[in-house]
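Asks: structure for the following, please:
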Amino acid sequence: MKKHFLALCGLAFLLPLQLQAADLANGKALNKNCALCHGLYGQGASGKLSPRLAGMPQEYLIKALGDYRAGKRQNYMMLKTAALDKMTDKDIEDVSAYLASIDLSKDPKFDVVQYGGDVKEGKSLFKGDCKTCHGRDGFGKPKKGAPPLAAQHNEYLFQSIKMFQAKMRMHDNDPEDETFDDFSDTDLTNITAYIATLDNARIDASGKTKFIPPDLVARRAIVKPTVPTSPTKPVVAATELAKADTKAEKIESQGGLQITDIKQTVAKMELEKGVSIDDAVTAMISKATDLNMKLVGQQEVSKELEARGVEMPHLAIYQFCDPMDARTMVMSNPIFASYMPCRISVVEDKDKKVWLMMLNLDMLINSELLDTKVLDTAVRVNQAMLEIMVAGATGDF
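Replies: You can find the predicted model right below:
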């Protein structure tokens, strides 16, 4: 771990001075909470609720997070799951710097595509009302405080403009801004259709440029072919690691027990004061019904053991599933079947505190990012499970 940290420090010299001033290690740690909805590397997901944060200007992210923390922008789930109300100014600076440092722009896997809308009409509207602040190329003008629109998910952009129209959000920091007042939904669809083409200018169409997660960059920075400095402490060269990978692939092809490397996290929330376990379970099941997540199984572990005369703190497991989401994920990689159905555990610890716990499905399998469609599904499932867990922790449904 220490070596990886030192490697990340070395890579920091490649970053702008403003990002170097931030604590990227702290930002990475804080991002674990953000990742449950926005993806492990801030890639976001299709839909209205998970905008892309990766590569956004640091100052823009600082302002947005500050507005959420101050209540100027409202997102109850975000406050609960990201603990924004507990973040210091330095925390916000650090997580913003970490996300700003992630560049997905060249990897075709992160291309934003919109089906529908008139690109030509959208271009005309964009040139007339958007380019002055957001740039001719759509990648924003930080000095004006205008964020990139290119590479942002189109459903989120559409929803944002609708909120500007309804004065539920403030556009250009002007409560009386009228930029979008006369735009129809068809106009907005056309604008987002054009914006969805703007990230193509930076994407490597050959597919040779791949986004490499920061932790893997650190690993590659460490592992270089070198001459061992001591016979008792040999240095493992990259070629040796490649041989090991080849050997592992050969073992897999021969059958038998196979081990898959999965980068995974667990999210947990403590029941709020006054919320009983029965309250939490009732709230979770009710919220799951609202979200079309079917309760497909439950195991009252501690109660079963108590019936046998064995005492233990409370433990129960509740399993939820949307069959279509399960289909998408398992067809992408059968490994997902081992995590299904999605589950939330109700666990009492040694201090009599009761926790709700779930797995984060937005994960790496064998150090490879998932297919974009599967990532979208994983993030959407995460959001649904988080809503269920928050309902349980608060007793609110």
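Asks: now Asn360. Its backbone dihedrals?
Replies: Main-chain dihedrals, Asn360, degrees, to the nearest 10: phi -90, psi 120.
Asks: let me fix that: Val112
Replies: Dihedral angles for Val112 - degrees, to the nearest 10 - are phi -90, psi 130.
Asks: neighbours around it, how many?
Replies: Counted with other C-beta atoms under 10 Å, the neighbours of Val112 add up to 23. Placement of C-beta: from N, CA and C, glycine included.
Asks: surely it is in contact with Glu155?
Replies: No: applying C-beta atoms under 8 Å as the test, Val112 and Glu155 come out as separate, 10.1 Å apart.
Asks: so where's the stretch 201-350 of the chain uncertain?
Replies: 214-264 (pLDDT under 70).
Asks: quick one: the helices in it?
Replies: 214-222, 238-253, 277-290, 301-307, 323-332 (DSSP state H, counting those that start in this stretch).
Asks: would you list every one of the strands in this structure?
Replies: Secondary structure of the chain (DSSP state E): strands at 262-263, 266-270, 294-299, 315-321, 342-348, 354-359, 364-365.
Asks: which stretches of the stretch 1-150 of the chain have low pLDDT?
Replies: For the stretch 1-150 of the chain, the ranges with pLDDT under 70 are 1-21.
Asks: would you mind measuring from Ala283 to Pro334?
Replies: 33 Å (C-beta to C-beta, to the nearest Å).
Asks: meant to ask about Tyr156
Replies: Distance from Tyr156 to Pro334, counting by C-beta to C-beta: 31 Å.
Asks: contacts only, for the closest residue to Arg52 other than its chain neighbours.
Replies: Leaving aside its sequence neighbours, Arg52 sits nearest to Gly44 (C-beta to C-beta, 6 or more residues apart in numbering; 3.7 Å). For Gly44, the contacting residues are 38, 50-54, 152-153, 156, 379, by C-beta atoms under 8 Å, 6 or more residues apart in numbering.
Asks: distance check, Ser46 against Gly39.
Replies: Counting by C-beta to C-beta, the gap from Ser46 to Gly39 is 11 Å.
Asks: more neighbours, those two?
Replies: Gly39 (26 against 20).
Asks: looking at it, that one is touching Ala45, isn't it?
Replies: Yes: using C-beta under 8 Å, Gly39 is in contact with Ala45, at 6.5 Å.
Asks: got any residues that touch both of these two?
Replies: 375, 379.
Asks: now do the buried residues in the biggest helix by length in the chain.
Replies: Ranked by residue count, the top helix of the chain under DSSP state H comes out as helix 372-394. Applying a neighbour-count criterion of 16 or more other C-beta atoms under 10 Å, one finds 372, 374-394 buried in helix 372-394.
Asks: one more: stretch 31-42?
Replies: 31, 33-42.
Asks: of those residues, which pair is most distant in space?
Replies: Spatial extent of the buried residues of stretch 31-42 (C-beta to C-beta) is set by the pair Asn33 and Tyr41 at 14.1 Å.
Asks: mean neighbour count and distance to Asp177 added to the strands of the chain, as JSON lines?
Replies: As requested, those are exported to JSON lines (neighbours: other C-beta atoms under 10 Å; distance: least, C-beta to C-beta, whole Å):
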{"stretch": "strand 262-263", "mean neighbour count": "14", "distance to Asp177": "42"}
{"stretch": "strand 266-270", "mean neighbour count": "15", "distance to Asp177": "37"}
{"stretch": "strand 294-299", "mean neighbour count": "14", "distance to Asp177": "44"}
{"stretch": "strand 315-321", "mean neighbour count": "19", "distance to Asp177": "42"}
{"stretch": "strand 342-348", "mean neighbour count": "21", "distance to Asp177": "41"}
{"stretch": "strand 354-359", "mean neighbour count": "18", "distance to Asp177": "40"}
{"stretch": "strand 364-365", "mean neighbour count": "17", "distance to Asp177": "41"}
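Asks: can you pull out the helices in the stretch 1-150 of the chain?
Replies: 2-12, 17-20, 24-38, 58-70, 76-82, 89-100, 119-129, 131-134.
Asks: tell me the most buried of those helices?
Replies: Scoring the helices of the stretch 1-150 of the chain by mean neighbour count under mean count of other C-beta atoms under 10 Å gives helix 89-100 as the most buried, with a mean of 23.
Asks: okay, the angle between that helix and helix 58-70?
Replies: Here helix 89-100 runs at an angle of 130 degrees relative to helix 58-70 (axes from the mean of the first three to the mean of the last three C-alpha atoms, to 10 degrees).
Asks: which residues touch helix 89-100?
Replies: Taking contacts as C-beta under 8 Å, 6+ apart, the residues outside helix 89-100 that touch it are 18-19, 21-24, 26-28, 30-31, 34, 42, 53-59, 61-62, 65-66, 69, 87.
Asks: got the angle for it vs helix 24-38?
Replies: Following the same axes, to 10 degrees, one obtains 70 degrees for the angle between helix 89-100 and helix 24-38.
Asks: quick one: distance of helix 89-100 to the chain centre.
Replies: 15 Å (C-alpha atoms, centre = their mean, to the nearest Å).
Asks: same deal with stretch 388-397?
Replies: For stretch 388-397, the distance to the chain centre is 21 Å (C-alpha atoms, centre = their mean).
Asks: who's in contact with that stretch?
Replies: With contacts defined as C-beta under 8 Å, 6+ apart, stretch 388-397 is touched by 77, 80-81, 267, 269-272, 274-276, 279-284, 286-288, 290-291, 293, 320, 344, 346, 356, 358.
Asks: then stretch 141-154?
Replies: Contacts for stretch 141-154 (C-beta under 8 Å, 6+ apart): 44-47, 50-52, 55-57, 59-60, 63, 104-105, 110, 112, 114, 130, 133-135, 137-140, 157, 173, 192-193, 195-196, 198-199, 201-202.
Asks: can I have the buried ones of those residues as a ChimeraX selection?
Replies: Buried residues among the contacts of stretch 141-154 (16+ other C-beta under 10 Å), as a ChimeraX selection:
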select :44,45,46,50,51,52,55,56,57,59,60,63,104,105,110,112,114,130,133,134,135,138,139,140,157,192,193,195,196,198,199,202
